[in-house]
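Trainee: Okay, sequence plus prediction incoming.
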Amino acid sequence: MTSRFTELAIDCAEPHALARFWCAVLDYQVQDDGDDDGDVVTIGPAADGGEQVPGPVPPTLTFARVPEGKAAKNRLHLDLSPSDVDQDDEVRRVLALGARHADVGQTGDESWVCLADPEGNEFCVLAGRRP
């Protein structure tokens, strides 16, 4: 028996704001607002008329409010592979949505671009399927 990766939990200060950013980046939608306090928001792929999409289901992202702020470089991050534009166009699009460039010790020779979401969580935009 094996397990399947279905959800990534992300601690944050503003779950709804971060969920809106990632919905715009990934073309996801809010699937669950969690509780009345708005302390947990889950986003995932948009439903396609209620039908199961063939192939593996992409994981959902769950944003949970925590009192402490981000203190160091993430040890886990998302890699994005542009699906219908080149890397430069995707970087420009994501920056316009509220991301910013992040320095995590790059040399300048990488094939990926390191960015951070509005709360400082690093992620990379890849040039192709493999970094």
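Mentor: Received the coordinates, thanks.

Trainee: quick one: the nearest residue to Glu68 once chain neighbours are set aside and Phe63, what's the gap?
Mentor: Nearest non-adjacent residue to Glu68, counting by Cβ to Cβ, 6 or more residues apart in numbering: Asp11, 7.9 Å away. (Each C-beta comes from the backbone N, C-alpha and C, glycine too.) From Asp11 across to Phe63, the span is 8 Å (Cβ to Cβ, to the nearest Å).

Trainee: who has more neighbours, those two?
Mentor: The neighbour count for Asp11 versus Phe63, taken as other Cβ atoms under 10 Å, is higher for Phe63 (28 against 17).

Trainee: what residues are up against the closest residue to Gly44 other than its chain neighbours?
Mentor: Leaving aside its chain neighbours, Gly44 sits nearest to Thr60 (3.8 Å; criterion: Cβ to Cβ, 6+ apart). By Cβ atoms under 8 Å, 6 or more residues apart in numbering, the contact set of Thr60 is Thr6, Glu7, Leu8, Tyr28, Gln31, Thr42, Ile43, Gly44.

Trainee: let's see it at 7 Å
Mentor: For Thr60, the contacting residues are Thr6, Glu7, Gln31, Thr42, Ile43, Gly44, by Cβ atoms under 7 Å, 6 or more residues apart in numbering.

Trainee: for Glu90, same thing?
Mentor: Neighbours of Glu90 in contact, by Cβ under 7 Å, 6+ apart: Pro82, Val125.

Trainee: Okay, and it sits in which element?
Mentor: helix 87-97 (DSSP states H and E).

Trainee: Remind me what the one helix or strand the residue nearest to Glu68 maps to packs against, helices and strands.
Mentor: Following DSSP H and E, one finds Asp11 within strand 7-12. Contacts defined by 3 or more Cβ pairs under 7 Å, 6 or more residues apart in numbering; DSSP states H and E place strand 7-12 against strand 60-65.
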